[in-house]
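Turn this into a model:
(chains A and B)
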Amino acid sequence: DGGITQSPKYLFRKEGQNVTLSCEQNLNHDAMYWYRQDPGQGLRLIYYSQIVNDFQKGDIAEGYSVSREKKESFPLTVTSAQKNPTAFYLCASSARDRDDETQYFGPGTRLLVL
Amino acid sequence: AQKVTQAQTEISVVEKEDVTLDCVYETRDTTYYLFWYKQPPSGELVFLIRRNSFDEQNEISGRYSWNFQKSTSSFNFTITASQVVDSAVYFCALMNRDDKIIFGKGTRLHILP
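Model (predicted):
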């Protein structure tokens, strides 16, 4: 089955700890995205990548880092610099095709700070 | 400015009633795309529809229908004969030429049995 997987489903972070959220897709999409969702809010863009080995900051990149070494994978690291990391994190991917740039989403990871 | 407004924060209807979710957008671009996504309690966003700015035809898919009106910058979503499984948060979104999506804050829909 083609799709986007995110792991883990739940993640707990201690103070001062970096944690990495995994996102993998087998849709052969060039572009991948990370969003943050807070309760009762819409999605806010953290980082995005339109091609391997390249990525751009979104609206709320501070305290986060990403890498894009493979087309299928776009991991997100939440660093200790992110002071309020508790949120729901969603990864998405899309084809770079003007006829269809729909973003498709993974199941999400809930990050909680202990 | 680019913006998506979903003025209805929360709606409750009794099963089998029809319900319309409103979406108003702002953009300076003449080429753009509009989307609706469904977020059930599990959390994953499920793609429902994509509409480009040059296609104002209304769309129907089963019990779902969408009304796109450029004159009022609206892209409303109607569920006919609602069912309990329709309970979710629904997001309207706008994509401009820069390929970034702007989401509304969502409308939480409760379908009561």
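
So which bits of chain B are right by chain A?
For chain B, the residues in contact with chain A (Cβ under 8 Å from any Cβ of the partner chain) are B:4, B:9, B:33, B:35, B:37, B:42-47, B:50, B:91, B:95, B:99-101, B:103-106. Using the backbone N, CA and C atoms, a C-beta is placed for each residue, glycine as well.

Those residues of chain A touching chain B, which are they?
Counting by Cβ under 8 Å from any Cβ, chain A sits next to chain B at A:31, A:40-43, A:45, A:48, A:50, A:58, A:88, A:90, A:92, A:100-108, A:110.

Which residue comes closest to A:Glu101 once chain neighbours are left out?
Spatially, and ignoring its direct neighbours in sequence, A:Glu101 is nearest to A:Ser94 (5.1 Å; Cβ to Cβ, 6 or more residues apart in numbering or on different chains).

sorry, back to before: can you select the buried ones among the residues of chain B next to chain A for me in ChimeraX?
Entered in ChimeraX, the line below selects the buried ones among the residues of chain B next to chain A, by 16 or more other Cβ atoms under 10 Å in any protein chain shown:
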select /B:4,33,35,37,43,44,45,50,91,95,99,100,101,103,104,105,106
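
So what pairs up with the residue most central in space within chain A in the strands?
Nearest to the geometric centre of chain A sits A:Trp34, at 2.8 Å (Cα atoms, centre = their mean). Beta-bridge partners recorded for A:Trp34 (DSSP bridges): A:Tyr47, A:Cys91.

That one and A:Arg44 touch, don't they?
No. The pair A:Trp34 / A:Arg44 is not scored as a contact, 9.9 Å apart, by Cβ atoms under 8 Å.
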